[in-house]
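Peer 1: what follows is a predicted protein model with its sequence.
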Amino acid sequence: MRIAVLGAGLAGVTTAWCLSRDGHEVLLLEKSARIADAASGANGGIVSASRAFPWPSPQMLKTFLKALVRNDQSVRVYPMRWDPEFWSWGLAFLACCNAASYAQLLARKVRYVRYSQAQLGRIAEESGVSFHRKQGGVMYLYRTQEALEAGVRKMAPMKAFGFPFRVLDGRQAAQIDPGLSRAPIAGAVFSETDESGDSAMFCRELAKVCESRGTEVMLNCEVKGIAVQGDRVTHVETSTGRLAVDGAVAALGIIDPHLRKSLGAELPIYPVKGCSVTLPIVEPQRAPRHAGMDESKLAAYCPMGDRLRLTGGAEFAGYGRAHRAEDAQRLVRLAEELFPGAIDGTRVEARACLRPMTPQSTPLFGTGRYRNLWFNVGLGHMGWTMASGAAAITADLIAGRPSAIPLDGLLVRRA
């Protein structure tokens, strides 16, 4: 089939790869001038299957409600909270913030991310792409002994699911990663099966391989709508013209509300903004070897070749992509605190990225009103971890193959 994949971030490029492998004629459409130009180009870099904790939880209920009246915490809500779309999303989110729902979502999400990480390994091996991949573990840092003990308790469910991890004091953490020798930490949880890499580099290199196998990559090509006949999509309307297709995959991340209404499915996706900074590493011996997260500051870091990426924050502020200077400065200060002398804090590439979140923090697949328009959406805060599995699931659905994992709770509803 001639299939248009709408969007060339992690979801879109991995889907293009899987569809090409199945023998389809693939058109990969991207409104930006380069691949992975939105959230996939500015994320934290960590493939964190061992941290597949659902966002909606009894604890998050308190945090979210507090954010409605004060914005001095890691989760912030701005005046856009009066947006009806936000309130619809928020009420669905709050409905999931109970112990029973959390347990169900956790089991579902763990099953999914395990599968997805395996698919990432498969794609990396088959394609041969390079992306500063670092396997062998990710560090989760704690500033105090009390915080470390709480972090270990938090990991207890993941231990029950079979994820291996080690609890380290500060000295032991620095033995594994000498870049932490000056970090002000009491200890760490080292999740041994987590990994990291540059997702933008992964997307761009994988897109090149797809092109070499016949995929047509169309940049500066914004999707404006679809043309339909009965229950089938016949054309995709773009800024560069109308494209005849046998099918399409919506892998757009944050979907323009006007376009979303025409796609024939319920897509409860709202943008959650995070801030990202990328800094040059000037003293490699002082830089981290492994990616990690400062749990006390709720910020992630990831070495990517000669650069260090840090990300943090969660803002519900509508569709604006501007970032606050103070958020970027906070991340730069954190890098200097954890890895003194490792980076040049005067050369900062700062960006905001909009994470496409569902209320359940799990993705959505399948078809709605149109039987040849498939969805691969809502990868949210774990897009790097989730994308490869999402692509494999989408390819299976298009081919009519049974999915490798159950899709209960992961299918879109017809609008």
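Peer 2: In hand now; what should we look at?
Peer 1: what segments of the stretch 101-250 of the chain are helices?
Peer 2: Taking DSSP state H, counting those that start in this stretch, the helices of the stretch 101-250 of the chain run over residues 145-160, 170-176, 199-212.
Peer 1: to residue 186, which of those helices lies closest?
Peer 2: With Cβ to Cβ as the criterion, residue 186 lies closest to helix 145-160 of the helices of the stretch 101-250 of the chain, at 4.9 Å. C-beta: built from backbone N, CA, C; applies to glycine.
Peer 1: I'd like to know which elements that closest one is packed against.
Peer 2: Applying 3 or more Cβ pairs under 8 Å, 6 or more residues apart in numbering; DSSP states H and E, one finds that helix 145-160 contacts strand 138-142, strand 165-169, strand 187-191.
Peer 1: who touches the second one?
Peer 2: What it means is strand 165-169. Under the contact criterion Cβ atoms under 8 Å, 6 or more residues apart in numbering, strand 165-169 has outside partners 50, 148, 152, 155, 158-159, 176, 186-192.
Peer 1: got the buried residues for that strand?
Peer 2: By neighbour count, and taking 16 or more other Cβ atoms under 10 Å as the criterion, the buried residues in strand 165-169 are 165, 167, 168.
Peer 1: can you pull out the helices in the stretch 301-415 of the chain?
Peer 2: 325-338, 383-399.
Peer 1: output these in CSV, with mean neighbour count, distance to residue 264 and mean pLDDT appended to each entry.
Peer 2: Output for the helices of the stretch 301-415 of the chain, formatted as CSV (neighbours: other Cβ atoms under 10 Å; distance: least, Cβ to Cβ, whole Å; pLDDT from 0 to 100):
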stretch, mean neighbour count, distance to residue 264, mean pLDDT
helix 325-338, 17, 37, 95
helix 383-399, 25, 16, 98
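Peer 1: coming back round to it: deepest of the helices of the stretch 101-250 of the chain, which one?
Peer 2: Comparing those on average neighbours per residue, with mean count of other Cβ atoms under 10 Å, the densest one is helix 199-212 at a mean of 21.
Peer 1: for that one, what is the distance to the chain centroid?
Peer 2: Here helix 199-212 is found 17 Å from its chain centre; the criterion is Cα atoms, centre = their mean, to the nearest Å.
Peer 1: ok, the closest residue to residue 104 other than its chain neighbours to residue 250 distance?
Peer 2: Closest residue to residue 104 apart from its sequence neighbours, by Cβ to Cβ, 6 or more residues apart in numbering: residue 409 at 7.7 Å. Look at residue 409 and residue 250: by Cβ to Cβ, to the nearest Å, they are 19 Å apart.
Peer 1: higher neighbour count, those two?
Peer 2: In this comparison of residue 409 against residue 250, neighbours counted by other Cβ atoms under 10 Å, the higher total goes to residue 250 at 29 against 13.
Peer 1: touching, that one and residue 263? I think so.
Peer 2: Yes. Look at residue 250 against residue 263 with Cβ atoms under 8 Å: they come within range, at 6.1 Å.
Peer 1: what sits in contact with each of those two?
Peer 2: By the contact definition Cβ under 8 Å, 6+ apart, residue 250 and residue 263 are jointly contacted by 373, 375.
Peer 1: ok, back up a step: between the helices of the stretch 101-250 of the chain, which one is closest to residue 343.
Peer 2: Ranked by Cβ to Cβ, the member of the helices of the stretch 101-250 of the chain that lies closest to residue 343 is helix 170-176, at 18.0 Å.
Peer 1: average pLDDT for that closest one?
Peer 2: pLDDT averaged over helix 170-176 equals 98, rounded to a whole number.
Peer 1: just checking, what packs against it?
Peer 2: Counting by 3+ Cβ pairs under 8 Å, 6+ apart, the packing neighbours recorded for helix 170-176 are strand 138-142, strand 187-191.
Peer 1: how about the nearest residue to residue 158, chain neighbours excluded?
Peer 2: residue 50 (5.3 Å).
Peer 1: what about that neighbour, neighbour count?
Peer 2: By the criterion of other Cβ under 10 Å, residue 50 has 27 neighbours.
Peer 1: quick check: it vs residue 203, distance?
Peer 2: Counting by Cβ to Cβ, the gap from residue 50 to residue 203 is 23 Å.
Peer 1: what do you get for residue 142?
Peer 2: 32 Å.
Peer 1: ditto for residue 409
Peer 2: 27 Å.
Peer 1: rewinding a little: please name whichever of the helices and strands packed on helix 170-176 is nearest to residue 38.
Peer 2: Nearest to residue 38 among the helices and strands packed on helix 170-176 is strand 138-142 (23.8 Å), distances taken as Cβ to Cβ.
Peer 1: and the residue nearest to residue 158, what does it touch?
Peer 2: Taking Cβ under 8 Å, 6+ apart as the contact definition, residue 50 lies against 138, 155, 158, 163, 165, 191, 193, 194.
Peer 1: want to throw those into CSV with distance to residue 30?
Peer 2: As requested, these are arranged in CSV below (distance: Cβ to Cβ, whole Å):
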residue, distance to residue 30
138, 30
155, 38
158, 35
163, 35
165, 37
191, 33
193, 32
194, 29
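Peer 1: ok, so of these, who is nearest residue 8?
Peer 2: Distances from residue 8 to these, taken as Cβ to Cβ, are shortest for residue 194 (25.9 Å).
Peer 1: residues in contact with that closest one?
Peer 2: Applying Cβ under 8 Å, 6+ apart, the residues near residue 194 are 46, 47, 48, 49, 50, 51, 137, 138, 291.
Peer 1: which pLDDT value goes with it?
Peer 2: What the model reports for residue 194 is a pLDDT of 97.
Peer 1: again, but for residue 81
Peer 2: For residue 81, the pLDDT comes out at 57.
Peer 1: format the helices and strands packed on helix 145-160 as a markdown table; extra columns: distance to residue 101.
Peer 2: Putting those into a markdown table (distance: least, Cβ to Cβ, whole Å) gives the following:
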| stretch | distance to residue 101 |
| --- | --- |
| strand 138-142 | 25 |
| strand 165-169 | 25 |
| strand 187-191 | 25 |
